[in-house]
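Student: give me a 3D structure for the following:
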Amino acid sequence: MHASPKGAEESRRSIDRRPKTSPAKLAHVALATRNVQALRDWYVEVLGGTVPFEGPGIAFISYDDEHHRIALVELPDLEERSGAPRVGMHHIAFTFADLGDLLATYRRLKDAGIEPYWPINHGVTTSIYYQDPEGNIIEFQVDNFAVASDATDYMKNNFGENPIGVNFDPEELIARYESGEPFEELRKRPKLPDGVNPFDLIPD
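Tutor: Numbers count the residues shown, from 1 in each chain. You can find the predicted model right below:
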């Protein structure tokens with residue numbers, strides 16, 4: 001049997017017969033800014049990032065093997081972000097390899113004068129939120145389950161009662177971590193206090 005010529009193989013390609021597909025990955029986020037240098041410096045510090053390219057009014061930031069993860073574009077006449085809630089994207093989330101990395105990053109940023117906006121155990125993740133100098137919110141998180149399907153089951157069985165989570169003190173969690181408390185205990189989401197609406201835990 002002779003191999004089919006390359007041209008014949010090319011001719012058998014059919015877009016219509018391909019199954020429904022999802023993106024292979026989330027590549028990057030682009031932010032419009034009033035001050036590209038201030039945001040560049042903040043994201044480089046917070047993400048431990050590098051700047052593959054920058055020019056007048058634009059900067060690209062990476063922290064892994066991707067050419068860029070954050071794009072910053074300075075645009076004229078942008079309005080400042082108001083403090084009121086608004087329609088649109090709420091935050092960008094980044095996952096750390098383990099709880100130790102998340103807590104070490106919290107401590108590093110605190111020492112650099114960058115305080116968290118909102119530490120919360122969502123149940124599926126332990127998360128610490130930050131606000132950049134223009135009010136954009138990022139989430140640093142670590143998965144609380146080693147197996148993704150276990151996290152999905154947790155959501156199905158527990159989010160009806162509390163889809164938001166329970167706030168925690170990062171310094172207290174560090175003390176528990178450094179004492180050698182098992183991760184299974186550290187990751188557990190505490191019970192929501194009686195009479196508390198979980199949506200009231202979301203900061204203004």
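Student: in its sheet, what does the strand or helix carrying I128 sit against?
Tutor: Taking DSSP states H and E as the definition, I128 sits inside strand 125-131. Its sheet considered, strand 125-131 pairs with strand 118-121 (antiparallel), strand 137-143 (antiparallel) by DSSP bridges.
Student: what lies in contact with the shortest one?
Tutor: Under the criterion CB atoms under 8 Å, 6 or more residues apart in numbering, residues 106, 127-129, 144, 164-170, 187-190, 201-203 lie in contact with strand 118-121. Using the backbone N, CA and C atoms, a C-beta is placed for each residue, glycine as well.
Student: and the strands in the chain?
Tutor: If DSSP state E is used as the criterion, the strands of the chain fall at 29-33, 50-55, 58-62, 70-74, 91-95, 118-121, 125-131, 137-143, 166-167.
Student: return the most buried member of those.
Tutor: Ranked by mean neighbour count, the strands of the chain are led by strand 125-131 with a mean of 22 (mean count of other CB atoms under 10 Å).
Student: let's see that strand as CSV, backbone CA atoms only.
Tutor: Written as CSV, here are the backbone C-alpha positions of strand 125-131 (Å, rounded to 0.1, in the frame of the first residue of the first chain):
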residue,chain,number,x,y,z
THR,A,125,-9.9,27.7,46.7
THR,A,126,-8.1,29.6,49.4
SER,A,127,-7.9,33.1,47.9
ILE,A,128,-6.3,36.5,48.5
TYR,A,129,-7.5,39.4,46.4
TYR,A,130,-5.5,42.6,45.6
GLN,A,131,-6.3,45.9,43.9
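Student: which helix or strand in this protein has the lowest average pLDDT?
Tutor: Averaged element by element with mean pLDDT, DSSP states H and E, the chain has its least confident helix or strand at helix 6-11 (a mean of 58).
Student: how is this protein partitioned into domains?
Tutor: 27-79, 89-204 (automatic domain parsing).
Student: could you pull out the helices for this protein?
Tutor: Using DSSP state H, the helices of the chain run over residues 6-11, 36-47, 99-111, 148-158, 170-178, 183-186.
Student: coming back round to it: now which of the contacts of strand 118-121 would you call buried?
Tutor: 106, 127-129, 144, 164-166, 168, 170, 187, 189 (16 or more other CB atoms under 10 Å).
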